[in-house]
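Novice: sequence unknown, structure follows:
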């Protein structure tokens, strides 16, 4: 599958996302965790981190470290830019930074979730060939390798969400 074909479908918002029940449950837990850490209830922790790293670039080392942990954990599912993808899926929501108290809560939640998820995610990727939850208009899943190339390219562009917002819910 060619990167150009994926980018064109993404820009036209013709890519569907198919989440399993388990994935939807994890998204709700993620949003709940973000609320506990002083964030918006419509935003995931990953999206909040992606916003603070890629949009509010002056927010500091804390956000970059949290992005590294999250991106490493979800690498087999979303490629190298999970937090940026999460931000682009809801870029019109209200995003916030965090005061020290909420940063501590956020760090604990991120580390806890990532420790719990890293082994199952890696085992699934070993047992079954990595298959993304992004579906092209033709009905075929976007291969993991093509998704990685597309996200890496988009992250290097001036407005990465122009492409990546089409790869999201």
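Specialist: Good, I have the coordinates. If you're wondering where the values come from, they're calculated on a predicted model, not measured in any experiment. Numbering: from 1, shown residues only.

Novice: mind checking how far the nearest residue to residue 36 once chain neighbours are set aside is from residue 126?
Specialist: In space, and not counting its chain neighbours, residue 36 is closest to residue 105: 6.0 Å by Cβ to Cβ, 6 or more residues apart in numbering. From N, CA and C alone the C-beta is placed, and that goes for glycine too. Taking Cβ to Cβ, to the nearest Å as the measure, residue 105 falls 32 Å from residue 126.

Novice: higher neighbour count, these two?
Specialist: Using other Cβ atoms under 10 Å, the more surrounded residue of residue 105 and residue 126 is residue 105, with 16 against 10.

Novice: the more buried one contacts residue 37, correct?
Specialist: Yes. Counting by Cβ atoms under 8 Å, residue 105 touches residue 37, with 4.5 Å between them.

Novice: count of neighbours near the nearest residue to residue 54 once chain neighbours are set aside?
Specialist: Among residues not flanking residue 54 along the chain, residue 84 sits closest, at 5.5 Å (Cβ to Cβ, 6+ apart). A count of nearby residues for residue 84, using other Cβ under 10 Å, gives 27.

Novice: what's the helix or strand harbouring residue 84 packed up against?
Specialist: Using DSSP states H and E, residue 84 falls within helix 82-89. Here helix 82-89 touches helix 45-54, helix 61-78, helix 144-155, helix 161-164, going by 3 or more Cβ pairs under 8 Å, 6 or more residues apart in numbering; DSSP states H and E.
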